[in-house]
Every structure is written in C-alpha cells, then in structure tokens.
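Student: What would the 3D arrangement of this be:
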Amino acid sequence: MNDERTCMIETRELTKIYKIGKETLAAVNNISFALDRGEILGLVGESGSGKSTLGRMLLGLIPPTSGQVLFEGQPFVKSLPSRMQMIFQDPFASLNPRMTIGDIINEPLTIHRRATPTVDELLDLVGLPQSAKGRFPHEFSGGQRQRVGIARALALHPDFIVCDEPISALDVSIQAQIVNLLLQLQKEFSLTYLFIAHDLAMVRHISTRVAVMYQGEFVETARVEDLYKSPSHPYTQLLLSSIPRLYHDRSNALNLGGKILRSSSTVEIESNLHNVNEIEQRAGAQKMPKQISNDLADRGIDGKRASMRPSNPTPLLSLSGGCPFAPRCPFAAAKCYQEKPQSRDIGTGHFVACHFAGQKNVLSNPHKQPEKAGIGQNCPQILKSKSDQNNPKKR
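Tutor: So this is what the prediction gives:
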C-alpha cells in the first residue's frame, strides 16, 4: 500500500433513534469520527451504551436514522460487505449448528463465487486442523468456535472487521490467544479493526486508539497511551478505577472473606494467590503476553476506587439539554445540566466532551466527593424544579 494512513471509515453525524411507545431512545447520537487504514480503534463503555449498534451501522446491518457512513471517502453501497466483515460476540450463536465447519467457512466463498482461499488454508491460518472441516460447531470449545468465526470473516479478504466483543464469552487464557491471533492477522493482512470490548486491559493491549462511549455518544477519544495515562472525562476515570486489581502485597489485598475475587474476566482467583504466574498455573492457562500480565497486576487508578452518584441512567436523557453523564457525575455543576458539552481537543488529538476537561483542580482527583469539590450541590434542585414545572399536581 502506498499510504498506510489513508482514511478507511468515516462517519458524519451518525444517529440511530428507536421509538419505544411514546418515548424516544437515542442508541447512537450524532457520532462523527474517522478510522485510518491499519488502525485498531478500541470502543469501550458499559452495556447499553450503543457500541454494538454503532458497529452494525458501519457494516450496513442496521440503517441509520440520519447521518452518513463513508468507506474510503465514498458512500456505503451494497457491494461493500465483501470488504467489511464482523466477528460476533457469541461464537456458538453465530454458527449454524446444522452445518459443518467446512460448509460454514466455505459459504461466503460460494455466495461470492470465489475459489480462493480454500477452507484448508483458512483453517490453517487460524490454527485449526484440516480435520475440523467435517465436524459440527457443538464439537468444539468456545475458543475453537471463535477461531472458526474469524476464519469465516477472513474468507473474502476484508479490509475492515468489526470485532463485537469477540473475547467476552471466553475464559481468560483463551482470551489472550484470540487477541494475539487478531494482532497477528492484522499485521499480516494490514487489517483495520473496530474492537468492541468491556475488558480495558485487553483494549489497552490491542488498540492504537480508544473511544469511550456513554449513552450513544463519544465522551472521550485519544491515543491509547494518552487515555490510560491521563483520562480526562469523569466517566473514563470511573471506568478505569472500577477495574478489579490484583495485589502482589498481601497487606494491600482486598478483604475477600478468604475466598474469591472475581475479576472482569471469567476466571475466579483465590485470595491467597498474589502472583500472576501462580494464577495462570492454577487456572491451567498458557503464559499470557507480558503487557496483559502487567495490566492485570496494575489495574485501577492509584489502587483506589471512585464512585458514581446513584442513578438510573437512560439514553432518553441524551436527547435533552445538558450533559448525559451529569446525573451520575461526582463533579457535576449546574452548567452540566443546562448546557451540553462539545467535544474539544485538549492536546495531541485527545478529544473530551466535558466542561471541566483539562482543569486539573477539578478532574485530577477522581476520588474527590462532590461536596468537597465545591460543585454539584444545586444540581438536584435544578432537576426537581424542572420536574415540578412538568407536573402541576406535585406543586
């Protein structure tokens, strides 16, 4: 390729709105971003934030309510799906149980009338034996089924792949194997990924850039090193501080009742294990990549925990005025409820949608409570007054 940094995927004010009875829900709300060729964009956020909806709209699986998706500068057309593929979250649900593995992988080649690559070549590419093509999905483990899904996605030589939480249904040892496979394939074929995940350690390991999504909107986007070193949006800080941390020092270990700590992965770790290598041996796992092992041993912000205000978040708020995160933000001020913050560059391509981003006296300490920060005391009163105006009976 002549230009490795040419723009491959671009969205312009992409929006998806659903009608639920009389209410309106913004699953994706006015998102604009660009993804360069060969880049891996990690997309994180809690369940229901719109990550999968955005990924499916990029592939044309869900039509947008408004906005536009451009592929290499051209509007999306029906001939593009062969160059854009998806790896699904549940490998078992995404494979037809009545078809053999060989037929599943060969199906896109048959539909598009292509002779190469062969099923044997694709199986070898993802580390499966050729004998697997005569077997059915239920005869494989979760990690092997995900390899089948990856082989199917690679059959048409795509340029862009949406990885929709491809490791969330796998145990921690298999997660590392699949992530390493995706990285190997990305380098070999110059692939571009949108990597959707909940595990921030894995996102840090695989991504070149990270976007944090909340209620259908990007609240922070930055190079992976910048975001993990200096998270500037309160929601990003809360996400990073909420990741379970494994302590090497027994004196700093959490009080687990002498039994189990559940991390963000599916592995259960006994509290008397302080060393990552011991954990891997007890779980029967292969040795993890050094970066992932370091992340597991060093999760969290200063080993402390930040907390959100109790609230029932709903994307319905994203259509009203103000910041959608304000009801849960420990730093929310009156301005946050009245004026929606615009995403702005605070340096080196680090975009944040927050009124107070870059003000270290406010956001540098995510553990500071609203009362001590001197902001947010009047916000509940603002919401209450608006509610009373809409409900005369409550006056």
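
Student: Could you list the low-pLDDT ranges of the stretch 1-150 of the chain?
Tutor: Applying pLDDT under 70 to the stretch 1-150 of the chain flags the ranges 1-5, 78-79.

Student: where exactly do the helices run in it?
Tutor: 51-58, 101-111, 119-125, 142-154 (DSSP state H, counting those that start in this stretch).

Student: Now tabulate those in JSON lines and tack on mean neighbour count and distance to Gln175.
Tutor: Every C-beta, even on glycine, is put in place using the N, C-alpha and C of the backbone. Formatted as JSON lines, the helices of the stretch 1-150 of the chain follow (neighbours: other CB atoms under 10 Å; distance: least, CB to CB, whole Å):
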{"stretch": "helix 51-58", "mean neighbour count": "22", "distance to Gln175": "18"}
{"stretch": "helix 101-111", "mean neighbour count": "18", "distance to Gln175": "22"}
{"stretch": "helix 119-125", "mean neighbour count": "18", "distance to Gln175": "20"}
{"stretch": "helix 142-154", "mean neighbour count": "23", "distance to Gln175": "9"}
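
Student: Select, out of those, the one closest to Tyr214.
Tutor: For the helices of the stretch 1-150 of the chain, the distance to Tyr214 is smallest for helix 51-58, at 10.3 Å, taking CB to CB.

Student: Quick one: the helices of the stretch 1-150 of the chain as a markdown table, columns for distance to Phe356 too.
Tutor: Shown next, in a markdown table, are those (distance: least, CB to CB, whole Å):
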| stretch | distance to Phe356 |
| --- | --- |
| helix 51-58 | 25 |
| helix 101-111 | 48 |
| helix 119-125 | 48 |
| helix 142-154 | 41 |
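
Student: Which one, of the ones you listed, ends up nearest to Leu70?
Tutor: Minimum separation from Leu70 across those (CB to CB) falls at helix 51-58, 10.3 Å.

Student: Just name whatever secondary elements the closest one is in contact with.
Tutor: When contacts are defined as 3 or more CB pairs under 8 Å, 6 or more residues apart in numbering; DSSP states H and E, helix 51-58 sits against strand 7-20, strand 23-36, strand 40-44, strand 84-87, strand 160-164, strand 192-196.

Student: rerun that using 6 Å as the cut-off
Tutor: Counting contacts by 3 or more CB pairs under 6 Å, 6 or more residues apart in numbering; DSSP states H and E, helix 51-58 packs against strand 23-36, strand 160-164, strand 192-196.

Student: returning to what we had before: out of the helices of the stretch 1-150 of the chain, nearest to Phe325?
Tutor: helix 51-58 (16.0 Å).

Student: Output the closest one as CSV, restricted to C-alpha atoms.
Tutor: The C-alpha trace of helix 51-58 is given here as CSV (Å, rounded to 0.1, in the frame of the first residue of the first chain):
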residue,chain,number,x,y,z
LYS,A,51,-21.3,0.1,20.9
SER,A,52,-22.8,-2.9,19.0
THR,A,53,-25.4,-0.6,17.3
LEU,A,54,-22.6,1.6,16.0
GLY,A,55,-20.6,-1.4,14.8
ARG,A,56,-23.6,-2.8,12.9
MET,A,57,-24.4,0.5,11.3
LEU,A,58,-20.9,0.7,10.0
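
Student: and the angle for it with strand 7-20?
Tutor: 120 degrees (axes from the mean of the first three to the mean of the last three CA atoms, to 10 degrees).

Student: who touches helix 51-58?
Tutor: 16, 27-28, 43, 45, 62, 64, 69, 162, 164, 194, 196, 213 (CB atoms under 6 Å, 6 or more residues apart in numbering).

Student: who wins for proximity to Tyr235 among the helices of the stretch 1-150 of the chain?
Tutor: Closest among the helices of the stretch 1-150 of the chain, once you apply CB to CB, is helix 51-58, at 13.9 Å.

Student: Quick check: the farthest pair among the contacts of helix 51-58?
Tutor: Gly45 and Val69, at 19.7 Å, using CB to CB across the contacts of helix 51-58.

Student: What's the local residue count around Ile40?
Tutor: Counted with other CB atoms under 10 Å, the neighbours of Ile40 add up to 22.

Student: For the nearest residue to it once chain neighbours are set aside, which residues are in contact?
Tutor: Leaving aside its chain neighbours, Ile40 sits nearest to Tyr193 (4.4 Å; criterion: CB to CB, 6 or more residues apart in numbering). Neighbouring residues of Tyr193 by CB under 6 Å, 6+ apart: 40, 161, 163.

Student: between those residues, which is nearest Pro330?
Tutor: Distance to Pro330 across those (CB to CB) is lowest for Ile40, with 31.3 Å.

Student: Correct me if wrong: that closest one contacts Arg209.
Tutor: No - with contact defined as CB atoms under 6 Å, Ile40 and Arg209 do not form a contacting pair (7.5 Å).

Student: Straight-line length of stretch 75-91, end to end?
Tutor: Stretch 75-91 stretches 30 Å from its first residue to its last (CA to CA, to the nearest Å).

Student: contact partners of that stretch?
Tutor: Contacts to stretch 75-91, defined as CB under 6 Å, 6+ apart, come from residues 59-60, 69, 71, 94, 112, 145-146, 149-150, 153, 156, 158-166, 168-169.

Student: And the buried ones among those residues, selectable in PyMOL?
Tutor: Of those, the buried ones go into a single PyMOL selection, burial set by 16 or more other CB atoms under 10 Å:
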select buried, resi 59+60+69+71+94+145+146+149+150+153+156+158+159+160+161+162+163+164+165+166+168+169
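
Student: Okay, strands next: where are they in the protein?
Tutor: Using DSSP state E, the strands of the chain run over residues 7-20, 23-36, 40-44, 66-71, 74-75, 84-87, 160-164, 192-196, 209-214, 217-223, 260-262, 268-270, 344-345, 351-352.

Student: Turn those strands into TSV, columns for distance to Gln338.
Tutor: Shown next, in TSV, are these (distance: least, CB to CB, whole Å):
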stretch	distance to Gln338
strand 7-20	23
strand 23-36	18
strand 40-44	28
strand 66-71	25
strand 74-75	37
strand 84-87	40
strand 160-164	36
strand 192-196	32
strand 209-214	19
strand 217-223	17
strand 260-262	40
strand 268-270	45
strand 344-345	18
strand 351-352	19
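
Student: Having no further points to raise, I will conclude here.
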